[in-house]
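Visitor: build me a model:
(one chain, ligands or ions: 1)
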Amino acid sequence: MCGIIGIVVSKGAIKERLGSVLRKCLKNLEYRGYDSVGFAIINWNNELIVRRSKGKIDEVSRKLGFDDYDGHTGIAHTRWATHGKPSDVNAHPHIDCTKKIAVVHNGVIENYQELKRELLMKGHVFTSETDTEVIAHLIEEYKKKGIGTYEALKEAIRHLKGAYALAVIDKDEPGKIFFARNTSPLVIGIGKNEGVMFIASDIPAFLEYTNHVIVLNDGEIGFITSSQVFLEHINYGIVNVNERIRVVDWTPEMAKKAGYPHYMLKEIHEQPLALSSTLAGIGSEAHKLAELIASSKYVYLTGAGTSYHACLIAEYLLNDLVGIKATAFIASEYGRFRKSIARNDLLIAVSQSGETIDTLMAVRRAKNKGAIIAAISNVIDSAIPRESHIAVYTRAGPEIGVAATKTFTTQVLLLTWIIIKAAEIKGELSPKRTSEMLDLLKKIPDIVNTTIRITEPSARKISSEIALKTNAYYLGRGLAVPISMEGALKLKEIAYIHAEAYPAGESKHGPIALVEEGFPVFFTILSDEYKDLIIANIEEMRARGAWIITVAPKDHEKAFSISSFAFKMPRLEYWAETIPYIIPYQLIAYYTSITRGYDPDKPRNLAKTVTVE
Ligand code: G6P
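Guide: Okay, the predicted model is just below:
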């Protein structure tokens, strides 16, 4: 995890102080981690200044006076601890013994203990418990051979095992930021103004300043000056930089809060727009994936967290609409299928960020076995799409809130579209029926818009009661199970209330033992074959004093008459209801988190993009 930003400027190229620009850019990366913060700046007298501390960006930058520092070259870091607890000494940047070299890092150096032992024997003194610090000392060590910083970094890279995105500055070579990438993301931003160059973990970091980017690949290494990018692959040599520049169509406003108190609420409200943009972006790649599905004997789906829930929905629809054997598995549980994934099996990897290491590793392992890999992602050119045979993008725009909202509904929309098309190709759906179904999907953005408007006041109201609870069940049948799982995950993630999802029919085989007076149980009912069967499950819970909250089609009088609280939802076809039916759960989790006094954008112990296994 962790967020990195680096900037090199020439005199007069920007009006603000470098410290202030670094702080602003870093703030856009806070979703990547926020337990400690630090920066290193080479000032206009070519002195190296390093400041770092435990805490979140606003608090640390006030304490350390981020904005007061100026210079021409700077790097900064927001941390999500992996090796060494969050503390002042473990905060990045890390420096070498000569106090000339400063390093920020995202990732994990697997062989750091071995390297540290060797460096200690050579007399290096370490001040932190991190894996990162070895990199600063390694560069220092190689420089002793009389080579420059860049060559020393290259030498160091050859000895590192593991994942890294690195930005390095050296007082001996001011005006340059050296960088390297393996597995962890890194992007270069080419300033709109002459004389400004950026490097960052993610594009929103510098979007206010430029939308001209180069997304780095694994094995790439180089340096930036205020006017130049030097880039090469550690094994294959120099890269033509001009051919790699891409212009992204994200505006800075898209990456900001747009007047909402939190990114999460903004992103919930952005869903109609995001869903429209997903539909508008459907093109040849989505068609190709539909064809691949139709010609596959077996389809695997994998992802983590919310993306895994989208996989479960797709698994159900692949069975139900296409009649294809499909299995969704949690990416970090790849081992379950190690032996059975075979050449030409299709693996669909779903990942908002495209960088989740668990998903990336599952992709790599399945690819090694000859499987065909298709990626569904929101981030163009991120690792998982790049390592896949085919990539289809959700185009939901940047999502900053740690809890996924618009990226979930857009994943589900895109997968549903692809699966309907696959069913048509396979002859399971007639062209007429297919176009009817796709027409219904086209209405989803409007339906979601209405759903937000109608359910938000009720979600806000009920949250004050939920905020007082310590546990909750989320029950459903069939396709409502993954919706329940996503609802429960949202409540856990941001309101810190223990929530468990179960297939409603299974709830009598154990979970019901916990139910007593006032225990909240959410029931999700879709317009499917289970809509009447589930009534018995509601009654069972009610008989034990459960407090029943039901999300169901608006004319399901029977269900509402035995519930304490009702979310009356639009009645659609069951397979299209997945998207609007998650909305009340997103809103309930958001308002419950606020009521309990938490920051839903920055849930404790979580990070948006998890790049450690
Ligand atoms: C983290 C985030 C979740 C997200 C999961 C998968 O755990 O906190 O919100 O669903 O990673 O992320 P991905 O980018 O692969 O969809």
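Visitor: nearest residue to R181 in space, please, no chain neighbours.
Guide: L216 (4.4 Å; Cβ to Cβ, 6 or more residues apart in numbering). C-betas here are computed from N, CA, C, even on glycine.
Visitor: okay, now that neighbour: neighbour count?
Guide: Residues contacting L216 under the criterion other Cβ atoms under 10 Å number 25.
Visitor: run through the neighbouring helices and strands of the host helix or strand of S20.
Guide: If you go by DSSP states H and E, S20 is part of helix 18-27. Applying 3 or more Cβ pairs under 8 Å, 6 or more residues apart in numbering; DSSP states H and E, we find helix 18-27 packed against strand 3-9, strand 36-42, helix 57-64, strand 73-79.
Visitor: looks like P570 contacts R453 (just checking).
Guide: No: using Cβ atoms under 8 Å as the test, P570 is too far from R453 to be in contact (11.7 Å).
Visitor: what about the residue of the stretch 1-150 of the chain found nearest the ligand, is that helix, strand or coil?
Guide: Residue nearest to the ligand within the stretch 1-150 of the chain: Y31 (9.0 Å; Cβ to the nearest ligand atom). Reducing the assignment at Y31 to three states with DSSP: H, G, I helix; E, B strand; the rest coil gives helix.
Visitor: repeat for N344
Guide: Of the three states, N344 takes coil under three-state DSSP.
Visitor: show me what contacts it?
Guide: N344 is in contact with S296, G370, A371, I372, counting by Cβ atoms under 8 Å, 6 or more residues apart in numbering.
Visitor: who does R79 bridge with?
Guide: Beta-bridge pairing of R79 under DSSP bridges involves S36.
Visitor: quick check: it touching E30?
Guide: No: R79 lies out of contact with E30 (Cβ under 8 Å); the separation is 10.7 Å.
Visitor: more neighbours: which of these two?
Guide: Set side by side, R79 and E30 show more neighbours around R79, with 27 against 20, by other Cβ under 10 Å.
Visitor: about what we covered before: just the buried ones among the contacts of N344, please.
Guide: S296, A371, I372 (16 or more other Cβ atoms under 10 Å).
Visitor: same list (these) but as CSV, adding pLDDT, secondary structure and distance to G427.
Guide: Formatted as CSV, the buried ones among the contacts of N344 follow (pLDDT from 0 to 100; DSSP: H, G, I helix; E, B strand; the rest coil; distance: Cβ to Cβ, whole Å):
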residue, pLDDT, secondary structure, distance to G427
S296, 93, coil, 15
A371, 95, coil, 25
I372, 97, strand, 22
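Visitor: now do the contacts for the closest residue to the ligand within the chain.
Guide: Of all residues in the chain, the one sitting closest to the ligand is G305 (2.8 Å; Cβ to the nearest ligand atom). The contact partners of G305, taken as Cβ under 8 Å, 6+ apart, are A404, L489.
Visitor: for it, give its distance to P570.
Guide: 27 Å (Cβ to Cβ, to the nearest Å).
Visitor: next: A156.
Guide: For A156 relative to P570 (Cβ to Cβ), the value is 58 Å.
Visitor: of these two, which one has the most company?
Guide: Between A156 and P570, counted using other Cβ under 10 Å, the more crowded position is A156 (24 against 17).
Visitor: any idea which helix or strand carries that one?
Guide: helix 149-159.
Visitor: give the contact list for the nearest residue to I293 once chain neighbours are set aside.
Guide: With Cβ to Cβ, 6+ apart as the criterion, I293 has its nearest non-adjacent residue at 3.9 Å, and that residue is A422. Shown in contact with A422 (Cβ under 8 Å, 6+ apart): A290, E291, I293, A294, L318, V322, I324.
Visitor: share the number of residues neighbouring the fourth one, please.
Guide: For A294, the tally of surrounding residues (other Cβ under 10 Å) stands at 18.
Visitor: what's around the closest residue to it other than its chain neighbours, how many residues?
Guide: Leaving aside its sequence neighbours, A294 sits nearest to I425 (Cβ to Cβ, 6+ apart; 3.9 Å). If you count neighbours by other Cβ under 10 Å, I425 ends up with 18.
Visitor: quick one: I425 from C25, how far?
Guide: I425 is 45 Å from C25, where distance means Cβ to Cβ.
Visitor: can you check T416 too?
Guide: The value you get for T416 to C25, if Cβ to Cβ is used, is 37 Å.
Visitor: within range of the ligand, give me the residues from the protein.
Guide: Contact residues, the chain versus the ligand (Cβ under 6 Å from any ligand atom): 304-307, 351-353, 356, 359, 402-404, 606, 608-610.
Visitor: return the subset of those lying in helices.
Guide: G305, T306, S307, T359 (DSSP state H).
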